[in-house]
Every structure is written in C-alpha cells, then in structure tokens.
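Novice: Compute the structure for the input listed below.
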Amino acid sequence: MSRRLAWVLALLAIPPLVLGLRWFSFLPSVMDWDESLYLLQAREWARGVWPLSGVWDMHPVGAPAMILFAFTILGESITTVRLLGAICVMATCYALIALVRAAGGPRALGLGAALLYAGHSVLVGGLTTNTEILFAPMVVAALALALWRGPEWPRLLGMGVLIGLALTIKPVVTPEGCLAFALLAWPTLQARRWGRLFAMAGAYLVLCLLPTLLVAGAYALRGEFADWLESSILAPFQYASEGAPAEVVRHRVSLILLEMHWLFVLPIPALLLLRHLSPVLRHLTLFGLAWLAVAVLAVAVPGHYFDHYFLILLPPLVLLSAVGIFGAAAYAAPVRGQWLAGGVVVAMVLNPFLVDLRKRIMPGFHLGQPDAPTRIADAIRAEMRPGDVVFVANSQPVIYFLTGSPLPTRFPFPAHLTGPFGDLVGVNMDAELARVLASRPRFIVQDIQHWYGVRPEARALIAASLDAEYEPMAPFSNPQGPVMIHRLREGD
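Specialist: So this is what the prediction gives:
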C-alpha cells in the first residue's frame, strides 16, 4: 500500500516539477519566431481569418489549431501559449512512463526517463511552444500503444489517430509513425498472415492521412485549396530540397552535441553492458536504438538543422539514458542500485536547468523586466490611435500580437516577406512589400543588427520609404542589437 501511494505521489509530482523547470518560459514575450507566427495564426483564426490563406506559413495548421484551442479555454496571451507547451511536456512524461511499462520495464525506469525528458526539454529551444514539443506526446503515446500487449485493432486505431494528428502539426513524424506500425505488425508478419497485414497497413494509412485530408477538404470547400497545397505540400518540399550548406550543418550539429552531451554519454553503459542487462532492459535498449535511428532521420529530412529540430531526439535519448543509468547502477550495486540510479537521475535533471539558468542570467539580473519586444510594443501602444497599423519589417512578429495591430500582410513572418525564404511562397515578395509600404503603416519596426539578413531589394524599398515618409523614435536595446521604431511623419 505504501509503495502504491509513493508511486501515485511520484506521478502527481510531475506537473509541478515541469512547471518549475520551465518557469523562465513564462517571462519573455518571445523565445522563438516560429511560435510567434503560430500564435498570430491562432489570433487571426479566432477572428475568422484562416491560416495559410490568411496568414501564410509552410507548416500544417496543427500548431495554430492547438494554440487556438488553448486561447478559447484560457484567453489570448503569451502565458497561455507557454502553458500549452508545459502541458505537452507533462503529457510526454506520462507517455514515456506508459511506454516503459508497456515494454515490461520497471516503474522507476519509466519515471527516470520522464524526469530526464522534463529536465532536458529546456534545452535546444524546448522552452518555447514549438512543433516538436506539441507533437511529442502523440508520437510517444503511439509507440507505447505499439508496444502494449492486447488486441491489435484497438491499438492500431489509437496509433493511427495519434500519428494522424501529429502529421497535421509537422510531417517529420512520418519515420516514427512507420516505426510504430512496424512494431505492431511484426507478429503478424512473422506469422505470414498476409491478408491481415495488408488490411492493417491500409487501415493505418487511412487513419494517418485522414486528419490531413479533412483539413485539405475544408480548404477546398472555402475555395482555398491552392493555398493549402502551396503552403503544406509544395513549400516544405522546396525548403527541404534547398537544405543548408555542409559547413552550416556541421556547425549546428556540433553545437547540439555539446549542449546535449549527457544524453549521448549516459546510454553508453547500456551498450557496454548489453549482455549483462535483464531481458527487459536489453529489449528496451534495442528498441531505443531503433527509435533513435528513425528520429535522426526525422531531424535530417528538412535539411536545415535548426536547434528545435533536435528536440525530436529527446524521447529516445532519455529512454536510452534511463536504461544506461539503471542498468549500470544495478550492475555496480545490486542491492542499492535503484537509489544510486535515482541520485544520478536527479543530478541529470538539475544539470540542464542550471545550465539554462546561467545562460538566462548572464546578461544581468533583469529576469523580471520586460524584454525588448514588450518594451517596443508598449512604446507603440502609447501612441497608437484607432485604426493604426504596425509593420514589423525584420524584427519579432510577436510585436503584432502585443500591440493588437491588424496584420498589414498575410506574410507577417519577416523571413518570408523581407528575408531569404521569400522564394518558398509562390508570390512576388517585392511586389507584396511595395503594397504594404504603399498602405503607409503608421509604425515600422526595424532590427538594425539583423538588417543584413534582409534581401537587398527589400532593403532598398524599406529604406526609400523610411527616408521619404518616416521619422525615427527612440531605439530599443536587446542582446542581439538595437531595434528602431519609425513613425509616419505627421502631415505626410
């Protein structure tokens, strides 16, 4: 009875632990540009303007749909978005526990994997509510169902729905979805029950594609199927085909390996002691390696290797790390091994939190102060009049959200309108930018430090407009350099 109570208390401790580890995410207004775009899509969606056709992006609509759902329940705020991310981390923790239990692993190992995930989710951009945080619980839960013992068809139904929903967030979950089906279908394949195998494959394929097909149908009914096709299918393929230069890839991967180093070190004991592990831990190790392999494929498919892509590796890495910790502890101290393993897990949970905390306080103890986008938005709101429009030329798009400004364009993400990814859109971005400037927005926000990242043609258009019709307001400093607000001159 006492052990059961201790287990219940351990499960109940996960939500406050996750919130505590992710406390910093509730302070700044922006930590990732993608998240800002998703919340803008959700805000406009609530007002009847659909994503893709109304607010363009090259991701499916799953992320803004989840944020819209959260907005509906908790209200439109940055805090709501960050709380959604924390809830998804909690759900992934519980899914990891279920996965370990489904494989026959001990409770302590499952809890260890969950805690390691909670701790390391603060790294590589995981504090922001990005796609990899949003679809992680669906993918892990689908794999847990694949490993669970029981009737195949109910598990297949659950897996198909989960992977199908994850695909509406980001198609990179496809390799892990294939692994889940392979695990479920392996006994049927071994038995050479070909009819049943093909029926399962067909049903699973339909279930996985159904949410995406429903979204495509909804856009077709609105007469916006071309926007859906361009945004969700064609642009991602073009993005992946371009890829990042090899030297950029090597640099980004090296930085990630350094930041996540413990998760690549801790699984080593499991590999060295593989023959000495219990059958359950041995099977979990082999499964973890297969999972890691398909996760690496999922990271590599987009071809650009931004930090948050590597969050896909977290679930298999924490599983392998937990096996390595508990396997080594049992081998070194058969009697007190679990206590030793628990101590290592606690240390590994605190380590990334402290590393991230050091990074946050390094610029100075200003954690409670508004960040640059918030201060910029406050300055604009102080002078805004009804009907005023803000144009964020190359700064944080969250400023639109913070000021409550209507969007001057369906391309509010600067990397699309004025940056290097305008060729993905299928629209003449210079003509669109000229249209925005001709509408004479009252405020233009310009990031001076990253002005070099704006296309030369766009720089020329913006500079000409600023010289002709705008006057500078006070600049705002931030760790990446000054940001300038330009105000339309009175009488112009």
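
Novice: Correct me if wrong: residue 307 contacts residue 258.
Specialist: No. Applying C-beta atoms under 8 Å, one finds residue 307 not in contact with residue 258, separated by 11.9 Å. Using the backbone N, CA and C atoms, a C-beta is placed for each residue, glycine as well.

Novice: neighbour count winner among those two?
Specialist: For residue 307 versus residue 258, the count of surrounding residues by other C-beta atoms under 10 Å is larger for residue 307: 16 against 9.

Novice: per the record, what domains does this structure have?
Specialist: 11-361, 372-488 (automatic domain parsing).

Novice: dump the residue contacts of the closest residue to residue 449 other than its chain neighbours.
Specialist: Using C-beta to C-beta, 6 or more residues apart in numbering and skipping the chain neighbours, the partner closest in space to residue 449 is residue 481 (2.4 Å). Residue 481 makes contact with 447-450, according to C-beta atoms under 8 Å, 6 or more residues apart in numbering.

Novice: if you look at the residues you listed, which of them are in helices?
Specialist: Using DSSP state H, no member of these falls in helices.

Novice: which of these lies closest to residue 126?
Specialist: residue 450 (23.4 Å; C-beta to C-beta).

Novice: was I right about the closest one contacting residue 394?
Specialist: Yes. Counting by C-beta under 8 Å, residue 450 does reach residue 394; the two are 6.0 Å apart.

Novice: Which one of the two is surrounded by more residues?
Specialist: Shown here are residue 450 and residue 394; by other C-beta under 10 Å, residue 394 has more neighbours (26 against 15).

Novice: State the pLDDT value of the more buried one.
Specialist: Predicted confidence (pLDDT) for residue 394: 92.

Novice: Let's verify it: helix, strand, or coil?
Specialist: coil (DSSP: H, G, I helix; E, B strand; the rest coil).

Novice: Identify the residue spatially nearest to it, adjacent ones excluded.
Specialist: residue 414 (4.5 Å).

Novice: State the number of residues packed around the one you found.
Specialist: Should you count by other C-beta under 10 Å, residue 414 turns out to have 23 residues around it.

Novice: Out of the contacts of residue 481, give me the two with the largest separation.
Specialist: So, those by C-beta to C-beta: farthest apart are 448 and 450, at 7.8 Å.

Novice: Poorly predicted segments of the stretch 201-350 of the chain, please.
Specialist: Residue ranges of the stretch 201-350 of the chain with pLDDT under 70: none are present.

Novice: list the helices and strands the longest helix along the chain packs on?
Specialist: As assigned by DSSP H, the longest helix anywhere in the chain is helix 194-221. Using 3 or more C-beta pairs under 8 Å, 6 or more residues apart in numbering; DSSP states H and E, the elements in contact with helix 194-221 are helix 152-167, helix 174-190, helix 225-229.

Novice: any residues touching the first one, and which ones?
Specialist: This means helix 152-167. Against helix 152-167 from outside (C-beta under 8 Å, 6+ apart): 60, 62, 135, 138-139, 141-142, 145-146, 148, 173-174, 176-177, 180-181, 184, 188, 200, 203-204, 206-212.

Novice: Got a quick ChimeraX command for the buried subset of those?
Specialist: Here is the ChimeraX command that selects the buried residues among those (16 or more other C-beta atoms under 10 Å):
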select :60,62,135,138,139,141,142,145,146,148,173,174,176,177,180,181,184,188,200,204,207,208,211,212
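
Novice: Now, the contacts of residue 481 that are in strands?
Specialist: residue 447 (DSSP state E).

Novice: Buried members of the contacts of residue 481 into PyMOL, please.
Specialist: Per 16+ other C-beta under 10 Å, the buried members of the contacts of residue 481 correspond to this PyMOL selection:
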select buried, resi 447
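
Novice: Could I get the contacts of residue 481 in a markdown table, plus columns for distance to residue 131 and pLDDT?
Specialist: Output for the contacts of residue 481, formatted as a markdown table (distance: C-beta to C-beta, whole Å; pLDDT from 0 to 100):
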| residue | distance to residue 131 | pLDDT |
| --- | --- | --- |
| 447 | 24 | 92 |
| 448 | 30 | 90 |
| 449 | 27 | 84 |
| 450 | 23 | 84 |
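
Novice: hang on, the earlier thing: looking at the helices and strands packed on helix 194-221, which is buried most?
Specialist: helix 152-167 (a mean of 21; mean count of other C-beta atoms under 10 Å).

Novice: Quick one: mean pLDDT for it?
Specialist: For helix 152-167, the per-residue pLDDT averages 97.

Novice: how about that helix as PDB, C-alpha atoms only?
Specialist: The C-alpha trace of helix 152-167 is given here as PDB (Å, rounded to 0.1, in the frame of the first residue of the first chain):
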ATOM      1  CA  GLU A 152      -4.200  -5.300 -32.400                       C
ATOM      2  CA  TRP A 153      -7.100  -3.400 -34.000                       C
ATOM      3  CA  PRO A 154      -7.900  -1.100 -31.000                       C
ATOM      4  CA  ARG A 155      -4.200  -0.300 -30.700                       C
ATOM      5  CA  LEU A 156      -4.000   0.300 -34.400                       C
ATOM      6  CA  LEU A 157      -6.900   2.700 -34.200                       C
ATOM      7  CA  GLY A 158      -5.300   4.700 -31.400                       C
ATOM      8  CA  MET A 159      -1.900   4.800 -33.100                       C
ATOM      9  CA  GLY A 160      -3.400   5.900 -36.400                       C
ATOM     10  CA  VAL A 161      -5.400   8.800 -34.800                       C
ATOM     11  CA  LEU A 162      -2.300   9.900 -32.800                       C
ATOM     12  CA  ILE A 163       0.100   9.900 -35.700                       C
ATOM     13  CA  GLY A 164      -2.600  11.400 -38.000                       C
ATOM     14  CA  LEU A 165      -3.000  14.400 -35.600                       C
ATOM     15  CA  ALA A 166       0.800  14.700 -35.200                       C
ATOM     16  CA  LEU A 167       1.100  14.900 -39.000                       C
END
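
Novice: Quick check: residue 29 touching residue 397?
Specialist: No. With contacts counted by C-beta under 8 Å, residue 29 stays clear of residue 397, the gap being 11.1 Å.

Novice: returning to what we had before: would you turn the helices and strands packed on helix 194-221 into TSV with distance to residue 84?
Specialist: Listed next are the helices and strands packed on helix 194-221 as TSV, based on distance: least, C-beta to C-beta, whole Å:
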stretch	distance to residue 84
helix 152-167	15
helix 174-190	21
helix 225-229	24
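
Novice: Now render the domains of the chain as CSV, adding distance to residue 5.
Specialist: Rendered in CSV, the data for the domains of the chain read as follows (distance: least, C-beta to C-beta, whole Å):
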stretch, distance to residue 5
domain 11-361, 10
domain 372-488, 44
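
Novice: Residue 3: which of the ones you listed is closest?
Specialist: Set against residue 3 and scored by C-beta to C-beta, these come closest in domain 11-361, at 9.2 Å.

Novice: picking that back up, of residue 29 and residue 397, which one has the most company?
Specialist: Under the criterion of other C-beta under 10 Å, the comparison of residue 29 against residue 397 puts residue 397 first, with 25 against 19.

Novice: nearest spatial neighbour of that one, skipping sequence neighbours?
Specialist: Per C-beta to C-beta, 6+ apart, closest to residue 397 is residue 36, 4.6 Å.

Novice: so which strand or helix has the one you found?
Specialist: helix 33-46 (DSSP states H and E).

Novice: Now the residue nearest to residue 475 when sequence neighbours are not counted, what are its backbone angles?
Specialist: Nearest non-adjacent residue to residue 475, counting by C-beta to C-beta, 6+ apart: residue 482, 4.4 Å away. Here is the backbone geometry of residue 482 (degrees, to the nearest 10): phi -70, psi 150.

Novice: Next: residue 51.
Specialist: phi -60, psi 160.
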